[in-house]
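Enquirer: Structure, please.
(chains A and B)
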Amino acid sequence: MSENIFKISGLTKAFGDNQVLKGIDLEVNQGDVVSIIGSSGSGKSTLLRCINKLEEYDGGTIQYRGEDISNLDLYKYRSKVCMVFQSFNLFNNLNVLKNCVKPQMLVLKRSKQEAEEIAKDYLAKVGMIEYINAKPAQLSGGQKQRVAIARALSMNPDVILFDEPTSALDPEMVGGVLEVMKKLADSGLTMIVVTHEMVFARDVSSKVVFMDKGVVAEEGNPQDIFTNPKNDRTREFLSRMLKEQESQ
Amino acid sequence: MNFFDWIWKIISEYYPLFLKGIGNTMLIAIIGTVAGFGIGLLVAIIRTVPEGKNKVANFFMKIVKFVLVAYIEVFRGTPMMIQAAVIYYGIVRGRMDLTVAALIIVSINTGAYMAEIIRGGIISVDVGQTEGAMSLGMTHWQTMVHVVLPQAIRNIMPSVGNEFVVNIKDTSVLNVIGVSELYFQAKSAAGTYYKFFESFVIAAVIYFILTFVTTRILKLLEKKMEGKKNYTIFGSQSDFKSTIHLTEDKAR
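Expert: This is a model prediction of the structure:
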């Protein structure tokens, strides 16, 4: 059995009166590609943000390789668990190459030369090597997201968390980004992906988690979830999503 | 003698006085703005530090932040002329060179305005970029220095320039403590022949030229900070045809 990366138990989080997470249990192993699906407001993104510690959670624990993440050095931990956002969040004052180089130099204390080599390597892998001199404002959404993925990869993380990486993209841009993500999945990278792309969840992920109203309603391998969902809410959600996406 | 004769006479007789006034006014305005910017930067950064987990540190920060807010409110809420008089007669008289005192007064006053301008600039940079930096393991300080501040400062350049122009004009209130800036010198020149109108017209024209030239220079600087609107495709920099020229910044 492959090594355990995350063991999340009883995770709770509220924003004021709004209880967003009501006790989440989830395990992620090395090499897993976990797709988290569910309707808006079900707590998917909040869960991801708690894992990266962008949000403080109220109760429960997140264990990373057997250690409670609240005992780990925050900055070191985050550099191992990088995040890719819906809105890309590239640094607008820096060009594409520097976007990928600066965090390496600042967080991992890599030399400029080493950082540039690594960055160029990953930028080539996501098909953005030609644009290393461009500023984010000069790129399309799909290009920005591929740079954001290269930026995360440049940190050589254990896990990359994807928070709806294609939701802000034009339909024709989605393909390129999913292509890159599929390549990453094939390379054995551990990924947790919050997504509305049902085809990606079904064909690429090794595990699908359906979240509903702050709890994990159902989880399992994609075949079981997509062909034989046990939970009514899952069935309803999937038929709605698949219908929508086929019509596009 | 008509109006223009008097103007000419005053200029030819007192031009050293006016030149010295211009020099002092610009010196105080430039150094006051730059130092004020430094003060404002420091205050704004401290005011945007997020709360940590350490209770003692949080309490300490609360006191510091309170003092900073008090500083901003007091210096924005009272006229610089009064500030100059109070500081001069209360603290520095006889202990300090007049020009140095003037520099300190203008810097502190400008700092109070700059603090708010820069804080606005920091807020104007979307939180997403801060989160992007944090999510990769960058500290608050690293995020500020490498991501937020460069953009914040570029965004507030028009306001900073505005503050500079205001300073050029507002140094005139320092005549209250006898600093020999442009207004003070014009008044001195006027006194000899009792030609106040002519003398102050000269001063007005000089003030206008100073502020006008300054705003033009600042505009050029702003353009430079915007950076290039095009970029070269990597791997074929020598081939000019491969350069992608964008007519305008897509982000705007």
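
Enquirer: Please count neighbours and contacts with C-alpha atoms only from this point.
Expert: Noted.

Enquirer: Which parts of the chain are strands?
Expert: In the absence of a named chain, this looks at chain A. In order along the chain, chain A carries the following strands (DSSP state E): A:4-15, A:18-29, A:33-37, A:59-64, A:67-68, A:81-84, A:159-163, A:190-194, A:207-212, A:215-220.

Enquirer: actually chain B
Expert: B:230-231, B:244-245.

Enquirer: comparing those, which gets the lowest mean pLDDT score?
Expert: Set side by side, the strands of chain B show their lowest mean pLDDT on strand B:244-245, which sits at a mean of 36.

Enquirer: which stretch among the strands of chain A comes nearest residue B:228?
Expert: Residue B:228 lies closest to strand A:81-84 among those, at 27.4 Å (CA to CA).

Enquirer: what separates the nearest residue in space to residue A:19 that is not next to it in sequence from residue A:196, distance-wise?
Expert: Counting by CA to CA, 6 or more residues apart in numbering or on different chains, the nearest residue to residue A:19 once its immediate chain neighbours are dropped is residue A:13, at 6.2 Å. According to CA to CA, to the nearest Å, residue A:13 and residue A:196 sit 22 Å apart.

Enquirer: Does stretch A:83-93 reach chain B?
Expert: Yes. Part of stretch A:83-93 sits close enough to chain B to count as contact by CA under 8 Å from any CA of the partner chain, namely A:83, A:84, A:85, A:87, A:88, A:89, A:90, A:91, A:92, A:93.

Enquirer: For the fourth one, give me its contacts.
Expert: Translated: residue A:87. Under the criterion of CA atoms under 8 Å, 6 or more residues apart in numbering or on different chains, the contact list for residue A:87 reads A:165, A:168, B:128.

Enquirer: about what we covered before: identify the residues contacting the residue nearest to residue A:19.
Expert: Residues near residue A:13 by CA under 8 Å, 6+ apart: A:19, A:20, A:21, A:22, A:56, A:57, A:58, A:59.

Enquirer: show me what contacts residue A:156?
Expert: Contacts here follow CA under 8 Å, 6+ apart; on that basis residue A:156 touches residue A:80.

Enquirer: And it, its phi and psi?
Expert: Residue A:156 adopts backbone torsions of phi 50, psi 60, taken as degrees, to the nearest 10.

Enquirer: cool, and residue A:126?
Expert: Residue A:126 adopts backbone torsions of phi -90, psi 10, taken as degrees, to the nearest 10.

Enquirer: separation between it and residue A:26?
Expert: The separation that residue A:126 has from residue A:26, given CA to CA, amounts to 30 Å.

Enquirer: From residue B:150, how far out is the residue nearest the centre of chain A?
Expert: Here the mean C-alpha position of chain A is nearest to the C-alpha of residue A:162 (CA atoms, centre = their mean), at a distance of 1.6 Å. Using CA to CA, we find residue A:162 at a distance of 27 Å from residue B:150.

Enquirer: Contact residues of chain A facing chain B?
Expert: Counting by CA under 8 Å from any CA, the residues of chain A that sit close to chain B are A:52, A:54, A:74-85, A:87-93, A:103, A:106-107, A:129-135, A:137-138, A:152, A:155.

Enquirer: Can you name the residues that contact residue A:213?
Expert: Listed by CA under 8 Å, 6+ apart, the contact partners of residue A:213 are A:20, A:21, A:41, A:42, A:43.

Enquirer: quick one: it and chain B, what's the gap?
Expert: Residue A:213 sits 25 Å away from chain B, taking CA to the nearest CA, to the nearest Å as the criterion.

Enquirer: Which strands and helices lie in contact with the longest helix anywhere in chain B?
Expert: Taking DSSP state H as the criterion, chain B has its longest helix at helix B:3-47. Where contact means 3 or more CA pairs under 8 Å, 6 or more residues apart in numbering or on different chains; DSSP states H and E, helix B:3-47 is packed against helix B:55-77, helix B:98-124, helix B:149-170, helix B:182-193, helix B:196-226.

Enquirer: can you tell if the longest one touches chain A?
Expert: No. With CA under 8 Å from any CA as the criterion, chain A is not reached by helix B:196-226; the gap is at least 9.7 Å.

Enquirer: which helices and strands sit right next to that helix?
Expert: Secondary structure elements in contact with helix B:196-226, counted by 3+ CA pairs under 8 Å, 6+ apart, are helix B:3-47, helix B:149-170, helix B:182-193.

Enquirer: Would you format those as JSON lines with mean neighbour count and mean pLDDT included?
Expert: Converted to JSON lines, the helices and strands packed on helix B:196-226 look like this (neighbours: other CA atoms under 10 Å in any protein chain shown; pLDDT from 0 to 100):
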{"stretch": "helix B:3-47", "mean neighbour count": "18", "mean pLDDT": "93"}
{"stretch": "helix B:149-170", "mean neighbour count": "19", "mean pLDDT": "93"}
{"stretch": "helix B:182-193", "mean neighbour count": "20", "mean pLDDT": "89"}
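
Enquirer: Identify the bridge partners of the residue nearest to residue A:19.
Expert: residue A:21 (DSSP bridges).

Enquirer: just the buried members of the residues of chain A next to chain B?
Expert: A:52, A:74-75, A:77-85, A:87-93, A:103, A:106-107, A:129-135, A:137-138, A:152, A:155 (16 or more other CA atoms under 10 Å in any protein chain shown).

Enquirer: Could you tell me which of those residues belong to helices?
Expert: A:74, A:75, A:77, A:78, A:79, A:80, A:103, A:106, A:107, A:152.

Enquirer: measure the residue nearest in space to the middle of chain B to residue B:167 for me?
Expert: The centre of chain B sits closest to residue B:33, judged by CA atoms, centre = their mean, with a distance of 3.3 Å. Here the distance between residue B:33 and residue B:167 works out to 7 Å (CA to CA).

Enquirer: Noted, bye for now.
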